[in-house]
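Colleague: Please work out how this folds:
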Amino acid sequence: MKVEFYGHVRQYKSIQREIDANLQEVLLSGSYVQGPMLKRFEGELAKYHGTKFAVGLGNGTDAIWLALMALGIGPGDEVITHPNTFFATAEAIWIAGAAAVFVDCDPKTKCIDPKKIEAAITPKTKAIVPVHLYGQCADMLAIKKIADKHKLKLVEDNAQGIGAAGKGFKIAELSDVTTTSFIIQKNLGTFW
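Modeller: Next up is the predicted model:
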């Protein structure tokens, strides 16, 4: 028996009619960028997360980078995150002009360890980017308390945790901005 690394063909076949109908709708609309399908996706994603807005971008790296820039974070600033993530999290911080400061992960969740964040805060620290991993959330209640205490911005990297919730909170409830990615190998990936 051959076991594929990704089950995309099987997944596609299970919802092929729906996917094909949506692809045809996009192709026949003639609007391939910023078209009605993106508007619909943004509305559905905002509703799903209980947020006022969702903005579709090219990828999760751009989402983090642009979120940091929109929050006024740039050259000379530091952003706390952790290294147990794809390099794009740190890359986005670097593209914004800030320096990534790594804090180790919690041994149980493999997400950022809130107990280690305060030791990494300096006068240059402007934000924390917790990364939700493996369908579970970082401890956002503890991280939010730290961010509020030190007047830091919170940008959730939710590329690996869409649909997850923690004890007493949902993704996007406690942060300034929440980002995600739908690249094919994510928890909720897409191939288009």
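Colleague: Return the set of residues that bridge with residue 154.
Modeller: The partner list for residue 154 in beta bridges (DSSP bridges) reads residue 128.
Colleague: mind checking how far residue 73 is from residue 126?
Modeller: 5 Å (C-beta to C-beta, to the nearest Å). From N, CA and C alone the C-beta is placed, and that goes for glycine too.
Colleague: joint contacts of those two?
Modeller: 79, 98, 153 (C-beta atoms under 8 Å, 6 or more residues apart in numbering).
Colleague: Tell me the pLDDT of the closest residue to residue 51 other than its chain neighbours.
Modeller: Once flanking residues are discounted, residue 51 sits nearest to residue 172: 5.3 Å by C-beta to C-beta, 6 or more residues apart in numbering. What the model reports for residue 172 is a pLDDT of 90.
Colleague: Do a quick rundown of the helices in this structure.
Modeller: Counting by DSSP state H, the chain has helices at residues 8-14, 16-29, 36-49, 60-70, 88-95, 140-150.
Colleague: could you dump those helices to CSV with mean neighbour count, distance to residue 133 and mean pLDDT?
Modeller: Formatted as CSV, these follow (neighbours: other C-beta atoms under 10 Å; distance: least, C-beta to C-beta, whole Å; pLDDT from 0 to 100):
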stretch, mean neighbour count, distance to residue 133, mean pLDDT
helix 8-14, 11, 21, 83
helix 16-29, 11, 27, 91
helix 36-49, 14, 18, 90
helix 60-70, 21, 13, 95
helix 88-95, 20, 11, 96
helix 140-150, 17, 13, 97
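Colleague: coming back round to it: more neighbours: residue 73 and residue 126, which one.
Modeller: With neighbours defined as other C-beta atoms under 10 Å, residue 73 and residue 126 compare such that residue 73 has more, 23 against 20.
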